[in-house]
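Peer 1: Can you look at this prediction? I've put the sequence above it.
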Amino acid sequence: MTYTRTNWNQHYEGGRAFRPLGDAERALFAKHTPAPDGGRALEVGCGTGELAVCLTDLGYTVDAIDFAEGALARARKERDGAEGVRWLCLDIEHDDPAGLSEDGYDLITMRLMLAFVGDRTRVLHSLAARLRPGGALVVITPVAANTPEERRRIALEENEIDLLTEGWAQVERCDADGLAFLVLRDPGGSFKAVEKGRPEPQAVLGACVVVTDDCGRVLLGRSTRGMWELPGGRIENGESAQAAAVRELAEEAGLSARVEDAHLLTLLHDDRADVRRVSAVVRVTAWTGAPQVSEPHRFTRWEWHDLHILSGLGAVFTPSAQALEAVWPGVLPGLPPVHSYPHADGSPAVGGEPAEAVRLRQKMADAVIAKGWAPSAPVQQALRTVPRHRFTPEAPLSTAYDDDLAVVTRRDKSGTALSSVSAAWLQADMIEHLHLEPGMTVFEAGSGGYNAELMAHVTGPTGRVITVDLDPYVIRRTRRLCAEAGSGRVTAVLGDGSLGAPDHVPAEGFHGMVITHNVWDIAPAWREQLAEGRYLVLPLEIHGYTRAIAFQRQGDILHARDWTVCGFVRDQGAAARTKQSVTLADGRLTLHFHDGPELKTTGLDEALHGERYEVPTGVVMPGMTSFATLQVYAATTLADHCRLTTDRSSENPLVAAGGEHLPTLVADGSLAYLTPVQLHKGATPPESRWEFYAHAYGPAGPALADRLIGCAQQWDRHVRHTGYPPMTVHPAGTPDHDLPAGYVLDKAASRLVFQWPGGSADARPAALTAAGSARE
């Protein structure tokens, strides 16, 4: 029997109730879950509120929820005067949980109600995420072995109880007058791909059916072998993979679909013992019915699962795990190797998302817009429309929609990020600076899917986005996720982004180009493939300081129009540059040389053991003042420049004020750096006062410090309140006499000219080159 809100309203409005809370249960709550100071509890399925009041007696503040208004009406009436209880009407399985406490709970209870929950595993995972550290989830349920046959529907079998405890580090089971009283703590969970016995015959061909509900959750069955599996099975004689998928979906899970809505994505081939196993991954995009156990000898239940919890499910049948990874690359990392043979014809986009995703997306968009990163209506609408979480399926919704967080989607063996979905504010800012219009064609280097789909939304039905990446996995993932949730207007191309996309350039050039990884140089192909007057936005490294700069093309010259402080993963292509660095003082200090050769560091370790020279610059700032322009100013106007970073694992006496990425000069066995020092701590950060100091070591330290002081004072006088300078990028080989006056930074393929204010008309003598020498 299916229990609906209507059934339960009738149940409670008719004066019926459940088994009263017994003394044994009360004693177990008092023993195992005493309330901490400020303890907050959530009772799921509160009924008439008897347990909620009991928990307040233990010292908890309680959120008591039920999806039946009839139950809550009785609870408010029968528990009138109960303090510390908030009664909420909420279906924990299907409703958006926005009304629950964002601070989490010390105790969550589910009494005599879990047998009526369909997707138990998903619900328990979502509740576990709301537990505070040290908190407990208590499940009280009748046990089938102790329950009369005619009432077994309200009880759980032992194997169902065992399933509830999977993924919890601490499990205590007590008896409460015949009821199972489970105390679950420390949720974690993992998954492992598990195998069955030897397949028969020598080679088998089967179908794995991937189907999602209207919230984007995937259907898995709990098999009698104790593992999770997709619907599917053998392909019969004369049957196509799509037809087999439709048949198996109906036979195993009770869902009906048309063959026209079953799409073959890929064939997966691996070996199990001496048997070649081939699995056809079939994506079903439309279906009817409700999941039900039609083959109880094979499956005990069917449940819909959120994608980001798949890696915590425990045992997953290997072909099912590989099929899930084929559809959503990244959701189940570390699987055994498998050969994949993608089908040329993909499947159409599949809709579906929970109400929580819609709410969080609007919240993210509101935050980005409020901070001024998305002033235009098209970009605002893209942020509100494109489902970011579907391009980060391995991440919880709260992580996917954090406006200030980049979601790493691929790392190397050392843990270094290779690919990510950048923070939403930064994506919006860079897209705004492309000045896109409907119908334009855009190039992107560094794929992932979400950023490309944002641009596709801005450029509209007649626009197009070409995204290029040299990592086959990233391209496969981008293609799959765009196929699942995209517009159909993004083309993912495997290749080196520094070469652009020569086979896809419109006749007049790309109308916008964006690079989504740090670059040391500006590849000639980007300028050459950009339409005249249009914009190239990229994160450019200038002596290691990264700025997202919007350049406008005017002939062979790129003119900087906007600057944003940022950070991205590093370039992996042919234009990538290995960062040079030297460690000092047993690893406590590191000097970084990004532009030009390593400076001579002989004698620096000895100098660091000597007395430190300290002198104020006279440049005083309120707290929260940005000095991002000072970093670039020092890097582009001072010879002998490098960056200094410190070991943050312990306090470092060599750098009194600490800090990262400090402007530094090195020469003649000596070192000097600029660092901010707090003079006064105010009631608020803007009321505090900071001053730049020059610190120096070694015999030439005072002279180096004087150069840094002069730089800081020039910046304070001419740059601090004016921002970044006019800056142009010229092709390598441009003669000096064809360059405008300014400070020159030479790179392999380009010459950058910075026209800082306050300098002489002829700034060439102080200009920097990639060789590190002064240009005369």
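Peer 2: Done, it's in.
Peer 1: in the lengthiest helix in the chain, what's buried?
Peer 2: Counting residues, the longest helix found in the chain (DSSP state H) is helix 355-370. Judged by neighbour count using 16 or more other CB atoms under 10 Å, the buried positions of helix 355-370 are 356, 357, 360, 361, 364, 365, 367, 368, 369. Placement of C-beta: from N, CA and C, glycine included.
Peer 1: Can you check the pLDDT for the first one?
Peer 2: Here, the pLDDT recorded for residue 356 equals 95.
Peer 1: Just list the residues touching it, thanks.
Peer 2: Counting by CB atoms under 8 Å, 6 or more residues apart in numbering, residue 356 makes contact with 96, 97, 98, 397.
Peer 1: rerun that using 10 Å as the cut-off
Peer 2: 95, 96, 97, 98, 126, 215, 389, 397, 398, 401 (CB atoms under 10 Å, 6 or more residues apart in numbering).
Peer 1: Next: the fifth one.
Peer 2: Under the criterion of CB under 10 Å, 6+ apart, the contact partners of residue 364 comprise 383, 384, 388, 400, 401, 402, 403, 404, 405, 424, 425.
Peer 1: do that again at 6 Å, thanks
Peer 2: Residue 364 makes contact with 401, 403, 424 under the criterion CB atoms under 6 Å, 6 or more residues apart in numbering.
Peer 1: coming back round to it: after the longest helix of the chain, which helix or strand is next?
Peer 2: Per DSSP states H and E, helix 355-370 leads on to helix 377-385 as the next helix or strand towards the C-terminus.
Peer 1: Now flag whichever of the contacts of residue 364 is closest to residue 63.
Peer 2: The closest of the contacts of residue 364 to residue 63 turns out to be residue 401 (CB to CB; 23.2 Å).
Peer 1: What pLDDT does the model give the closest residue to that closest one other than its chain neighbours?
Peer 2: Nearest non-adjacent residue to residue 401, counting by CB to CB, 6 or more residues apart in numbering: residue 360, 3.9 Å away. Residue 360 is assigned a predicted lDDT (pLDDT) of 96.
Peer 1: same check, this time on residue 575
Peer 2: pLDDT, read off for residue 575, is 58.
Peer 1: circling back: save the contacts of residue 364 as JSON lines, and put in pLDDT too.
Peer 2: Output for the contacts of residue 364, formatted as JSON lines (pLDDT from 0 to 100):
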{"residue": "401", "pLDDT": "97"}
{"residue": "403", "pLDDT": "91"}
{"residue": "424", "pLDDT": "95"}
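Peer 1: Of the residues you listed - the most surrounded one?
Peer 2: Ranked by the number of neighbours (other CB atoms under 10 Å), those place residue 424 first, at 27 neighbours.
Peer 1: Phi first, then psi, for that one.
Peer 2: Recorded main-chain torsions at residue 424 are phi -60, psi -40, according to degrees, to the nearest 10.
Peer 1: circling back to that earlier point, what's the closest of the buried residues of helix 355-370 to residue 744?
Peer 2: residue 368 (36.6 Å).
Peer 1: ok, now which ones touch the closest one?
Peer 2: 374, 383, 403, 424, 425, 428.
Peer 1: Please apply the same query to residue 562.
Peer 2: 433, 550.
Peer 1: In three-state terms, how would it be classified?
Peer 2: strand (DSSP: H, G, I helix; E, B strand; the rest coil).
Peer 1: and it, how far is that from residue 535?
Peer 2: According to CB to CB, to the nearest Å, residue 562 and residue 535 sit 9 Å apart.
Peer 1: Now list whatever residues contact both of these two.
Peer 2: residue 550.
Peer 1: just to revisit the earlier point, just put the contacts of residue 356 in JSON lines and tack on distance to residue 248.
Peer 2: Formatted as JSON lines, the contacts of residue 356 follow (distance: CB to CB, whole Å):
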{"residue": "95", "distance to residue 248": "32"}
{"residue": "96", "distance to residue 248": "33"}
{"residue": "97", "distance to residue 248": "34"}
{"residue": "98", "distance to residue 248": "37"}
{"residue": "126", "distance to residue 248": "29"}
{"residue": "215", "distance to residue 248": "23"}
{"residue": "389", "distance to residue 248": "29"}
{"residue": "397", "distance to residue 248": "31"}
{"residue": "398", "distance to residue 248": "35"}
{"residue": "401", "distance to residue 248": "35"}
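Peer 1: Got a PyMOL select line for the buried ones in those residues?
Peer 2: In PyMOL, this line selects whichever of the contacts of residue 356 come out buried by 16+ other CB under 10 Å:
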select buried, resi 95+97+126+389+397+401
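Peer 1: which one of the contacts of residue 356 is nearest residue 191?
Peer 2: Closest to residue 191, out of all of the contacts of residue 356 and judged by CB to CB, is residue 126, at 17.1 Å.
Peer 1: Would you agree the closest one falls within a helix?
Peer 2: Yes. Assessed by three-state DSSP, residue 126 belongs to a helix.
Peer 1: Tell me the confidence at it?
Peer 2: So residue 126 comes in at 94 (pLDDT).
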